[in-house]
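> from the sequence below, what's the structure:
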Amino acid sequence: MFNFKTTKKQIEIFERNVAEILKTNFPAIHESWVSSSNDYSLQFLKKPSGIYLSRNLSNDNFEPKSENKAANFDIYGLKVFNKKRKEYEEVTLFFNSNLLTLIELKSPTRFHANYDYEKLQIGKLSSKEVFDQNQDEKITLAILKDISKEKLSQLDIEKAIEIEINKNVYYTILDMDEGNYIAVNKSGKVYRLNHKNIEKVKEIANDIVAFFNLYKGNKSNLMQLMY
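Next up is the predicted model:
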């Protein structure tokens, strides 16, 4: 049976191999991998190009998990064997709370076809801690890339978190308090998320431009949309 797109099982194997080969240099990664579940889904991103491991949050409460910012970092220097070029090629890995979160590479859906994820090699390893911008913020900014800085300043982008509800992924753009949010999906549609409402997710605008016809910078004007 041919897989035309990289599968979760293949990424689980890759994640295990990464944790094992980095065990000496980054023991916290191995410890976190051993104690973690495989409760995530895959998202194939165009910007940044790569495979995003979407770790699940509870559907009953939209509050983000507590973050250990010191455990959020990029790792450079790990190499994976490129089957077509027949050579080891460096990939950049992003870790959130010591768990693999993003594999940055070209043609992410073809990762399994282009690379032998059982063959890893350590090159010149280095890491860079990520304090100022979380990965969810990066993705949210990529979704809103055509929005002006003036309009972005009216949103809570620096607080952006990823929320998964019924296998659909959303990125928050406004914190409406009490664990409720305005959020966008990967297509740019805008939703209100209310964890106390029977209808937890409701589309309120077809795109961010239409949303700004409703929102002029005052959150109180959106309160009627939250129900």
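
> mind listing what's buried along the longest strand along the chain?
Criterion DSSP state E: the longest strand present in the chain is strand 115-129. The neighbour-count check on strand 115-129 (16 or more other CB atoms under 10 Å) flags 115, 117, 120 as buried. (Glycine included, C-beta is placed from N, CA and C.)

> could I get the pLDDT score of the first one?
According to the per-residue confidence, residue 115 scores 96 in pLDDT.

> which residue, other than its chain neighbours, is closest to it?
In this structure, residue 115 finds its nearest non-sequential neighbour in residue 80, 4.6 Å apart by CB to CB, 6 or more residues apart in numbering.

> with the last one instead?
Nearest in space to residue 120, with sequence neighbours left out and distances taken as CB to CB, 6+ apart, is residue 21 at 5.0 Å.

> which ones are touching the one you found?
Counting by CB atoms under 8 Å, 6 or more residues apart in numbering, residue 21 touches 78, 120, 122.

> at 10 Å instead, please
Residues in contact with residue 21 (CB atoms under 10 Å, 6 or more residues apart in numbering) are 29-30, 78-79, 120-122.

> how about low-confidence regions in this protein?
Applying pLDDT under 70 to the chain flags residues 1-3, 55-71, 131-134.

> please save the CA atoms from the top helix by length along it in CSV.
When the chain is parsed with DSSP state H, its longest helix is helix 8-21. What follows is helix 8-21, C-alpha atoms only, in CSV (Å, rounded to 0.1, in the frame of the first residue of the first chain):
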residue,chain,number,x,y,z
LYS,A,8,1.4,10.1,11.9
LYS,A,9,3.0,6.6,12.4
GLN,A,10,6.0,7.6,10.3
ILE,A,11,6.4,10.8,12.4
GLU,A,12,6.1,8.8,15.6
ILE,A,13,9.1,6.7,14.5
PHE,A,14,11.0,9.8,13.5
GLU,A,15,10.3,11.5,16.9
ARG,A,16,11.5,8.3,18.7
ASN,A,17,14.7,8.3,16.7
VAL,A,18,15.3,12.0,17.4
ALA,A,19,14.8,11.5,21.1
GLU,A,20,17.2,8.6,21.1
ILE,A,21,20.0,10.2,19.1
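
> buried ones in the following helix or strand past it?
Per DSSP states H and E, the first helix or strand lying C-terminal to helix 8-21 is helix 27-35. By 16+ other CB under 10 Å, the buried positions in helix 27-35 come out as 29-30, 32-33.
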